[in-house]
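Colleague: curious how this folds, go ahead:
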Amino acid sequence: MKRLVFITQSYDPASTILGVTRDWVAALAGRCAGVDVIAAAAPPGVQAPPNVRVTSLGKERGAGRAAQGLRLARAMGATVPQAGAVFVHMVPRFAVLAFPFAAAARRPMALWYAQGGISHSLRLAAQLADRIMTPTRDSFPLSGGGVEGRIVVTGHGVDTSRYAPDGSVPHGRRRLLAVGRLSPAKRYDLLLDAVARLPDRAWELRIVGPPLYASDHAHAQTLRRQAARLGIAGQVEFAGEVPYVEMPGEYRRAWLLAHTSATGSLDKVVLEAMACGTPVISTAPSSRTALGGLADALALPDDCPEEMGAALAGALGWTAARRAELGAAGRAIVQREHSLDAWAGRVAALLGVA
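Modeller: Below you'll find the model as predicted:
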């Protein structure tokens, strides 16, 4: 077995959005000699498994891109020669910077990417990477002969022991849950329009996720004003960031996950909810494949608040037995196609570090 260099935005087990990297790193560390995590940001003294070493590039201390680049070069020089491969998680710019070190040491480099946005650095990184890994084929936005032969569909790597039903009963007032960063791409404005059309007020909407950038904070205020204008401010809770360890409980307490993201890739929150036995109603085209045989009942057009509102009204009227039936079917899909164990084994084998 060999070590793996894992480059990522953040290694923070408490993060609502990026806490999953802790699960991925631990699963990979169990299948190779160890993992060297190089993260743009990591909390001081962050805990990790015994065979995992964490290096921060200092973003949490205010380091800019130039300083992060210099620290990345030093970290790569110290780790890549002793490693068997390099895995870059979601940041094409880091793949471009890491490539000379991987190439000089003759180590394969994989880029993991699951997002709709296309940048110049993504186009370049896609040409440099030996493997391009993505949860579903439609989660990677580039195509053509230059990349097609290197794309590997791996599933999303959901810890189905962490994200699992525990016998708890959903919140008494039927709760609609939405999860993700407060950004325009998540289209919470469409969701607010949809819930405002519900025929009664026997529901609540809880939106979990922080604003990350200045534009997100402005958008969050726009959403609050929209809820007030629609007369539903008292039923909509902007919960902000929730610690990663508490997220399974968020899914379990919800009657369903209402998902309106338009990022262009399969959103892991859809799979996390399904793994917890919580049904998902989604307007994202990328969710249709993940929902499998449930798509006809739970996948909707991506731009129609009227249809979303009607679907939510129908879902709020489900019997407990119907909800449980849909939840069990969704969990089975995640266990079969997106489990963390299968994902880690596949990635470790593809990179030759197992």
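
Colleague: contacting residues for the closest residue to residue 23 other than its chain neighbours?
Modeller: Distances taken as Cβ to Cβ, 6 or more residues apart in numbering put residue 159 closest to residue 23, at 4.9 Å, once the chain neighbours are dropped. Bear in mind the C-beta positions are built from the backbone N, C-alpha and C, glycine included. Counting by Cβ atoms under 8 Å, 6 or more residues apart in numbering, residue 159 touches 23, 27, 340.

Colleague: one more: residue 276?
Modeller: Taking Cβ under 8 Å, 6+ apart as the contact definition, residue 276 lies against 163-165, 248, 251-252, 327, 331.

Colleague: and which of the residues you listed is nearest to residue 216?
Modeller: Closest approach between the contacts of residue 276 and residue 216, by Cβ to Cβ: residue 251, at 22.7 Å.

Colleague: and for residue 173, nearest residue in space, chain neighbours not counted?
Modeller: Using Cβ to Cβ, 6+ apart, the closest residue to residue 173 is residue 204 (5.4 Å).

Colleague: okay, and the beta partners of the one you found?
Modeller: Listed by DSSP bridges, the beta-bridge partners for residue 204 are residue 175.

Colleague: wait, it touches residue 177, no?
Modeller: No. Using Cβ atoms under 8 Å, residue 204 makes no contact with residue 177, being 9.5 Å away.

Colleague: which of the two has more residues huddled nearby?
Modeller: A direct count of neighbours by other Cβ atoms under 10 Å for residue 204 and residue 177 places residue 177 higher, at 26 against 19.

Colleague: hang on, that one in a strand?
Modeller: Yes. Under DSSP: H, G, I helix; E, B strand; the rest coil, residue 177 sits within a strand.

Colleague: what sits against the residue lying closest to it once chain neighbours are set aside?
Modeller: Once flanking residues are discounted, residue 177 sits nearest to residue 254: 3.6 Å by Cβ to Cβ, 6+ apart. Contacts for residue 254 (Cβ under 8 Å, 6+ apart) come out as 170-171, 175-177, 206, 273, 278.

Colleague: same list (these) but as JSON lines, adding distance to residue 103 and pLDDT.
Modeller: Below are those laid out as JSON lines (distance: Cβ to Cβ, whole Å; pLDDT from 0 to 100):
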{"residue": "170", "distance to residue 103": "52", "pLDDT": "85"}
{"residue": "171", "distance to residue 103": "52", "pLDDT": "70"}
{"residue": "175", "distance to residue 103": "50", "pLDDT": "96"}
{"residue": "176", "distance to residue 103": "49", "pLDDT": "97"}
{"residue": "177", "distance to residue 103": "45", "pLDDT": "98"}
{"residue": "206", "distance to residue 103": "47", "pLDDT": "97"}
{"residue": "273", "distance to residue 103": "40", "pLDDT": "98"}
{"residue": "278", "distance to residue 103": "44", "pLDDT": "97"}
